[in-house]
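Novice: mind looking at a prediction? Sequence and model below.
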Amino acid sequence: MPERDSLLKDYMSNKTIFADVFNFMIYEGEQVLKPENLSTLSPETVVLQDAADGKLIPSHRIRDLLMAATIMTDGRVAYAALGIENQTQVDAAMPARNMHYDSSYYMLQVEKIAAVRRAKGEKPIKGKFSSKFRRGDLLIPTVTATLFFSPERWTGPRTLYDMFGYVDPRLKRFLPNYSANIIVPTELEERDFRKMTTELRLLLEGVKYSKDQKLFRELIQNNQLFESVPARTAKVLRALLKIKLTIPKNEEPVNMCKAIEDMVAEGREEGRVEGREEERAKTFKLLSGLVSDGFLPLEEAAKRAGVSVAEFQSMTA
């Protein structure tokens, strides 16, 4: 797995940041989902499927992150399984892919309930239920969010309907739609970023403006939050944006404002060096031409260039 993907997976597995995603997406920034009410679930879903010979074969599905959530709303307790998919490129199959993850998790729940019944020695009720999932058994709802860590637009399908061609309207009434719930930085406004309460805001803002150096620099300089960016966020920004950024060994916060200024100063110095090299090359070319045309002795040309005759000859060969 590339370092960038590993960093993103580790970063989003932080429960405070994980909760921030869903509080933003579902609850408009209201702090409904609490980090302490999240517990990590296995991202791998193994569902038993019927084979042609009647045997059960395992089907594996691995998503980026999945957590169980206990949510208090209106004095009532609700449970949900929340998943996150990290994307740095557009995936045209995203709605179908996420739907597969979620439906596989529903089937996993069915299998677990059936396994409990088998362990208890319970048998299917004849004439009523063909499986061991019965009326009264309940599933935990599953929601998956897709985070697009790119300064580009999302140009792929967002819903299952987007993946279809023409569908007879009468048929469409019987086709359930499915949304990939994609969070795209370039579509977020300042009011959206303000709904985020963790450094996730800094990460997504940085990604949004990274394509335009002027806007990116203005963002860093005009937002005081970038004066103390947590090391974990700075690491992800460095990997995503491919910028030179020194992370303290003691994991202290990074002053992105100073880092950007240092990068700009370094760029200017590199430009000056390149300019001097370009001027020197032009000088050698001019002197070499004068020597070739017989207007200037080789020794004089080398003297004017500040090098030995042998060096002058090697550099103009």
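Specialist: Happy to help now that I have it.

Novice: switch to C-alpha atoms for all contacts and neighbour counts from now on
Specialist: Fine.

Novice: all helices for the protein, in order.
Specialist: 3-12, 15-25, 94-119, 169-172, 190-193, 200-209, 213-222, 231-241, 256-292, 298-305, 309-315 (DSSP state H).

Novice: give me the domain ranges for the protein.
Specialist: Annotated domains of the chain cover 3-190, 269-315 [automatic domain parsing].

Novice: tabulate those (TSV), appending mean pLDDT and mean neighbour count.
Specialist: Shown next, in TSV, are the domains of the chain (pLDDT from 0 to 100; neighbours: other Cα atoms under 10 Å):
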stretch	mean pLDDT	mean neighbour count
domain 3-190	89	16
domain 269-315	72	14
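
Novice: for residue 254, which of the ones you listed is the nearest?
Specialist: Comparing those by their distance to residue 254 (Cα to Cα), the top pick is domain 3-190, with 16.3 Å.

Novice: how much space between the residue lying closest to residue 243 once chain neighbours are set aside and residue 209?
Specialist: Excluding its sequence neighbours, the residue lying closest to residue 243 (Cα to Cα, 6 or more residues apart in numbering) is residue 237, at 7.9 Å. Separation of residue 237 from residue 209 (Cα to Cα, to the nearest Å) stands at 12 Å.

Novice: remind me, longest strand of this protein?
Specialist: strand 76-87 (DSSP state E).

Novice: what does that strand contact?
Specialist: 5, 8-9, 63-72, 140-149 (Cα atoms under 8 Å, 6 or more residues apart in numbering).

Novice: dump the helices of the chain to a markdown table, plus distance to residue 78.
Specialist: As requested, the helices of the chain are exported to a markdown table (distance: least, Cα to Cα, whole Å):
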| stretch | distance to residue 78 |
| --- | --- |
| helix 3-12 | 23 |
| helix 15-25 | 14 |
| helix 94-119 | 17 |
| helix 169-172 | 31 |
| helix 190-193 | 26 |
| helix 200-209 | 25 |
| helix 213-222 | 39 |
| helix 231-241 | 31 |
| helix 256-292 | 40 |
| helix 298-305 | 80 |
| helix 309-315 | 76 |
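
Novice: and residue 183, which of those helices is closest to it?
Specialist: helix 15-25 (8.1 Å).

Novice: report the inter-axis angle for that closest one versus helix 3-12.
Specialist: Angle, helix 15-25 to helix 3-12, by axes from the mean of the first three to the mean of the last three Cα atoms, to 10 degrees: 80 degrees.

Novice: need the domains of the chain in a markdown table (columns: distance to residue 248).
Specialist: A markdown table is the format used below for the domains of the chain (distance: least, Cα to Cα, whole Å):
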| stretch | distance to residue 248 |
| --- | --- |
| domain 3-190 | 17 |
| domain 269-315 | 24 |
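
Novice: out of those domains, the one nearest residue 220 is which?
Specialist: So among the domains of the chain, domain 3-190 is nearest, using Cα to Cα, at 14.2 Å.

Novice: how much space separates residue 156 from residue 244?
Specialist: For residue 156 relative to residue 244 (Cα to Cα), the value is 31 Å.

Novice: sorry, wrong one. I was asking about residue 38.
Specialist: 35 Å.

Novice: where's the closest residue to residue 114 other than its chain neighbours relative to residue 138, distance?
Specialist: Sequence neighbours aside, residue 132 is the residue nearest to residue 114 in space, at 5.0 Å (criterion: Cα to Cα, 6+ apart). Using Cα to Cα, residue 132 is found at 12 Å from residue 138.

Novice: just residue 150 next, same as before
Specialist: 38 Å.

Novice: residue 80 versus the nearest residue to residue 31 once chain neighbours are set aside, what's the distance?
Specialist: Spatial nearest neighbour of residue 31, excluding adjacent residues (Cα to Cα, 6+ apart): residue 23 at 6.0 Å. Separation of residue 23 from residue 80 (Cα to Cα): 13 Å.
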